[in-house]
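Engineer: When you get a sec, could you give me coordinates for this:
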Amino acid sequence: MMVCEFKPGLDGIPAAQSSISSVDGHLGILEYRGIRIEELAEKSTFLETAYLLIWGELPTSEELAAFESEVRNHRRIKYRISDMMKCFPESGHPMDALQASAAALGLFYSRRDLNNPIYIRDAVVRLIAKIPTMVAAFQLMRNGNDAVRPRDDLDYSANFLYMLNEQAPDALAARIFDICLILHAEHTMNASTFSARVTASTLTDPYAVVASAVGTLGGPLHGGANEEVIQMLEAIGTVENVRPFIEDCLERKAKIMGFGHRVYKVKDPRATILQNMAEQLFDKFGPDKYYDIAQEMERVVEEKLGHKGIYPNVDFYSGLVYRKLGIPTDLFTPIFAIARVAGWLAHWKEQLEENRIYRPTQVYNGKHSISYTPIEKR
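Structural biologist: You can find the predicted model right below:
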């Protein structure tokens, strides 16, 4: 009998071959289709990056214009989906609302014609176009307001910020938000991407694939960490409290949110870019006292844990950026999902190319040959 080596969390076990993205955790390098994340953040847009991830090459100007036009034309959602969202409880978390809404799209568009390139492109366009609309709509609805209709004259990121408050955003704010989406669009075989590929391997529709990934992203050990970073900074309160807080966490062996990564053993390159963007926002719109606390945390954690390869990850500074953009804390993870839809769809499309349903094994550690006990003798 073959003995299988058990690795908790499948740590270090390849689950797929992929050409979508790569990470060098020791050098702090993240590439999408071979292009460094720093270069994409400087030169690209989110929709161009999404095209690169999903179709494997940077688009020509004509291809990009066509893709942008298709996305713009599919931003609106069916009134039945909107009516369904109005019935969601106001106290519900936006990630739960997003998961339900994403799954509901399958009721309208799921033909499962997975061998048809037109079906695949239409699904990509609809999900990338409609997910932001649903996130913004729920934000307004839970506060008793009607959803704001998309504006066709605004680009992807500016339109989302507009739909949140019916006010066209500052150009710098819109550009920084677009870069945030680029940074969060893809990151190899993380938990939600693995969930997406497992679901895709059953040959279900892409709306179910995205809904399953959204559910996985919502956990505090994955996308939900950026919310907890802000809560942690608020709890610390002052720069003077940082060192006692860190020392207490270390003594209790408690996790310090926003630090450490299963892959990176140096500072996450996305965190460096996000920190720079936070400073740009502070220069234009005013400081944030929590940034001083965050900087002191980075210094103390590096002093205490740098030798273990524990540095800021993408969640540590992203919340400060979103906070300065006026985005509610519990929308941070849905915004992560808006971006990561591009990566999930890239992996969905790649999974279909040489599909085999996932069926891992297990290491059984239970009993054998136990006799059934009649209920009267239990």
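
Engineer: Downstream of the worst-scoring helix or strand of the chain on mean pLDDT, the next helix or strand is which one?
Structural biologist: Least confident helix or strand, the chain: helix 225-236 with a mean of 92, by mean pLDDT, DSSP states H and E. From helix 225-236 onward toward the C-terminus, using DSSP states H and E, the following helix or strand is helix 242-252.

Engineer: Which other helices and strands does that next one contact?
Structural biologist: helix 225-236, helix 289-305 (3 or more Cβ pairs under 8 Å, 6 or more residues apart in numbering; DSSP states H and E). No exception for glycine: its C-beta is placed from N, CA and C like everyone else's.

Engineer: Need those in a markdown table (columns: mean neighbour count and distance to Pro328).
Structural biologist: Compiled in a markdown table, the helices and strands packed on helix 242-252 are given as follows (neighbours: other Cβ atoms under 10 Å; distance: least, Cβ to Cβ, whole Å):
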| stretch | mean neighbour count | distance to Pro328 |
| --- | --- | --- |
| helix 225-236 | 20 | 10 |
| helix 289-305 | 18 | 15 |
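
Engineer: what would those look like in JSON lines with distance to Asp155?
Structural biologist: As requested, the helices and strands packed on helix 242-252 are exported to JSON lines (distance: least, Cβ to Cβ, whole Å):
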{"stretch": "helix 225-236", "distance to Asp155": "24"}
{"stretch": "helix 289-305", "distance to Asp155": "28"}
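
Engineer: which stretch among these comes nearest Leu161?
Structural biologist: helix 225-236 (17.6 Å; Cβ to Cβ).

Engineer: How about the contacts made by the closest residue to Asn241 other than its chain neighbours?
Structural biologist: With Cβ to Cβ, 6 or more residues apart in numbering as the measure, Ile293 is the residue that lies nearest to Asn241, at 8.0 Å, once sequence neighbours are left out. By Cβ atoms under 8 Å, 6 or more residues apart in numbering, Ile293 lies in contact with 233, 236-239, 241-242.

Engineer: Now which of those residues would you call buried?
Structural biologist: 233, 236, 242 (16 or more other Cβ atoms under 10 Å).

Engineer: for this structure, what are the low-confidence residue spans?
Structural biologist: Low-confidence segments of the chain, defined by pLDDT under 70: 1-4.

Engineer: which ones are touching the residue nearest the centre of it?
Structural biologist: When Cα atoms, centre = their mean is applied to the chain, the residue found nearest the centroid is Phe336 (3.3 Å). Phe336 is in contact with 184, 217, 223, 226, 318, counting by Cβ under 8 Å, 6+ apart.

Engineer: Now do the residue nearest to Asn241 against Val209, distance only.
Structural biologist: Ile293 sits 39 Å away from Val209, going by Cβ to Cβ, to the nearest Å.

Engineer: quick revisit: now, the contacts of Phe336 that are in helices?
Structural biologist: Of the positions in the contacts of Phe336, 184, 217, 226, 318 sit in helices, assigned by DSSP state H.

Engineer: Of those residues, just say which sits nearest to Gln167.
Structural biologist: Ser318 (22.3 Å).

Engineer: Let me see the contact set for that closest one.
Structural biologist: Ser318 neighbours (Cβ under 8 Å, 6+ apart): 180, 183-184, 226, 274, 332, 336.

Engineer: For Arg340, which of the helices and strands packed on helix 242-252 is the nearest?
Structural biologist: helix 225-236 (12.5 Å).

Engineer: From the chain's centre, how far out is the closest one? Work that out for me.
Structural biologist: The chain centroid and the centroid of helix 225-236 are separated by 18 Å, computed with Cα atoms, centre = their mean, to the nearest Å.

Engineer: and the angle for it with helix 289-305?
Structural biologist: 100 degrees (axes from the mean of the first three to the mean of the last three Cα atoms, to 10 degrees).

Engineer: For helix 225-236, enumerate the helices and strands it packs against.
Structural biologist: helix 242-252, helix 289-305, helix 314-324, helix 332-353.

Engineer: quick one: which of those helices is nearest Arg33?
Structural biologist: Ranked by Cβ to Cβ, the member of the helices and strands packed on helix 225-236 that lies closest to Arg33 is helix 332-353, at 9.0 Å.

Engineer: Give me the buried positions along the closest one.
Structural biologist: Quick answer for helix 332-353 (16+ other Cβ under 10 Å): 332-351.

Engineer: Using CSV, list the CA coordinates for stretch 191-206.
Structural biologist: Provided in CSV are the C-alpha atoms of stretch 191-206 (Å, rounded to 0.1, in the frame of the first residue of the first chain):
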residue,chain,number,x,y,z
ALA,A,191,-6.6,29.9,-1.6
SER,A,192,-9.3,31.6,-3.7
THR,A,193,-7.6,30.8,-7.0
PHE,A,194,-7.3,27.1,-6.0
SER,A,195,-10.9,27.2,-5.0
ALA,A,196,-11.7,28.6,-8.5
ARG,A,197,-9.7,26.0,-10.3
VAL,A,198,-11.3,23.1,-8.3
THR,A,199,-14.7,24.5,-9.1
ALA,A,200,-13.8,25.0,-12.8
SER,A,201,-12.5,21.5,-13.1
THR,A,202,-16.1,20.2,-12.6
LEU,A,203,-17.0,22.1,-15.8
THR,A,204,-19.6,24.2,-14.1
ASP,A,205,-20.3,27.7,-15.3
PRO,A,206,-17.9,30.6,-14.6
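
Engineer: And for it, what's in contact with it?
Structural biologist: Contacts of stretch 191-206 (Cβ under 8 Å, 6+ apart): 15-16, 106, 109-112, 114, 120, 123-124, 127, 186-187, 189, 208-210, 212-217, 219, 221-223, 340, 343-345, 347-348, 351-352, 355-358.
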